[in-house]
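1. Give the three-dimensional model of this entry:
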Amino acid sequence: MKINIDFLNTLLILIALLLAFLFPIEVFLIAYATLGPLHYLTEIKWIKSQDYFVKSNRFWIYLSLLFAFIFCLPYLFSLYKLIPNMDHHFFDTWGSLGKSYINWVLSSALVIAFSMLLIKNNLYRTIVIICGIIFSIILNIVSSSYAYNLWVGIFLPTLIHVYIFTGLFMIYGTLKTNRKMGWLNVSLLLLIPFVIWLAPVNPVDFLTSEKVKTIFTQNNFHHLNVHLGELLGVKKQPKFFFYEVIDFKLQIFIAFAYFYHYLNWFSKTTIIGWHKNLTTRSTSLIIILWLVFVSLYAIDYRLGFTVSLFISVLHVILEFPVNVLSIKEISKRALMVFTK
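-> Numbering: from 1, shown residues only. Sure, this is the predicted structure:
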């Protein structure tokens, strides 16, 4: 029986929203630890099968691997906490120092993705890429801009990736099919934040175990809530409280955004056919790696998070060309509409 993909996505949006309302922290943590790694692995395989969506694919993949490694290196230093009697000073110092300088990795990768897709002349492209990397490094070193660190370091690999880029990809796909149900899903996705904001909730009615709270805060997931609340101007102080209404609603949105992002990817098999390029060997490798990551999360959530961070960041960077293509095609079609 053929599945109506638009109807399926409507159902997935509603399911993700319902579960996010009922278990905002639990749904986020479970989805991140289970669906997350499977999404990273399968999407990386699909992007590879599409030659990374750039002409100079070998340069792009090597650069993406290098950038992902640089980004993750400071976080790997935090693993010392799992080793008894380990000297903290060295790892704390270099870990903190590294985290304060890695935002240039993401901004450079985004500039390079735009350059490789939008600039055809090799010389001009090379100049823009070199200048983009140098400018990103200088900006990261000399900038004390809260806005730069917020948008590049916090939101780009998180909510921009899972919510805005997902929305753009849905718009891009709907523009090609022009199905009414597709536009309904896009509208529904955009309305979700307002639904959450207007919905009456009482956080006290939703009990969260101390273990779940500890996992959530020890992995610093609450920082995203704080920064989002500050950006929207709805938080009076830069702190997170489990039973404050605004913190609860922000977490509902974040849980929804991540959960639906993963569900949306797995529903795309009939649209982009990412599963068609999976061989027995690659499928086996993906399953083995996925089981390893999930097992690490089960043993110690921070261990699983840190070890899987490399493929998480790698899939964000490798997806930049797809995001650029979506923006390019949406802009082109919008321009055609307005110039008629």
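
2. Okay, now the unreliable bits of the stretch 51-200 of the chain?
-> Across the stretch 51-200 of the chain, the ranges flagged by pLDDT under 70 are 79-100, 143-145.

3. ok, which stretches of it are helices?
-> Taking DSSP state H, counting those that start in this stretch as the criterion, the stretch 51-200 of the chain contains helices spanning 57-76, 88-99, 103-118, 122-142, 146-148, 165-177, 180-198.

4. between the fourth one and helix 57-76, how big is the angle?
-> Think helix 122-142. Counting by axes from the mean of the first three to the mean of the last three CA atoms, to 10 degrees, helix 122-142 points 10 degrees away from the direction of helix 57-76.

5. burial measure for residue 191, as a count.
-> For residue 191, the neighbour count with other CB atoms under 10 Å is 11. All C-beta spots, glycine's among them, are computed from the backbone N, C-alpha and C.

6. now residue 58: how far from residue 113?
-> Distance of residue 58 to residue 113, given as CB to CB, to the nearest Å: 15 Å.

7. Looking at these two, which one has more neighbours?
-> Taking neighbours as other CB under 10 Å, residue 58 and residue 113 compare with residue 113 leading, 26 against 10.

8. who touches that one in this structure?
-> 54, 320, 321, 323, 324 (CB atoms under 8 Å, 6 or more residues apart in numbering).

9. Skip the chain neighbours and tell me the closest residue to it.
-> Leaving aside its chain neighbours, residue 113 sits nearest to residue 320 (3.6 Å; criterion: CB to CB, 6 or more residues apart in numbering).

10. measure that neighbour to residue 60 for me?
-> Taken as CB to CB, the span from residue 320 to residue 60 is 9 Å.

11. which neighbours do those two share?
-> With CB under 8 Å, 6+ apart as the test, residue 320 and residue 60 both reach residue 112.

12. So which of these two has more stuff around it?
-> The neighbour count for residue 320 versus residue 60, taken as other CB under 10 Å, is higher for residue 320 (26 against 23).

13. who's in contact with the more buried one?
-> 109, 110, 112, 113.

14. let's see it at 6 Å
-> Residue 320 makes contacts with 109, 110, 113, as judged by CB atoms under 6 Å, 6 or more residues apart in numbering.

15. sorry, back to before: ok, which of the helices of the stretch 51-200 of the chain comes nearest residue 315?
-> For the helices of the stretch 51-200 of the chain, proximity to residue 315 was assessed by CB to CB; helix 57-76 is nearest, at 8.8 Å.

16. Roughly how far does residue 129 sit from residue 324?
-> Distance, residue 129 to residue 324, by CB to CB: 14 Å.

17. Also residue 187?
-> Residue 187 is 24 Å from residue 324, where distance means CB to CB.

18. Please identify which of those two sits among more neighbours.
-> residue 324 (19 against 9).

19. got a list of what that one touches?
-> 113, 114, 117.

20. Now residue 253. Nearest residue, chain neighbours left out?
-> Nearest non-adjacent residue to residue 253, counting by CB to CB, 6+ apart: residue 196, 5.2 Å away.

21. same deal with residue 76?
-> Nearest one to residue 76, counting by CB to CB, 6+ apart, is residue 306 at 6.5 Å.

22. in which helix or strand would I find that neighbour?
-> Residue 306 belongs to helix 301-318 when assigned by DSSP states H and E.

23. packing partners for that helix?
-> Judged by 3 or more CB pairs under 6 Å, 6 or more residues apart in numbering; DSSP states H and E, the packing partners of helix 301-318 are helix 24-49, helix 57-76, helix 280-299.

24. how about those, which one is nearest residue 248?
-> Checking the helices and strands packed on helix 301-318 against residue 248 by CB to CB gives helix 24-49 as the closest, at 6.7 Å.
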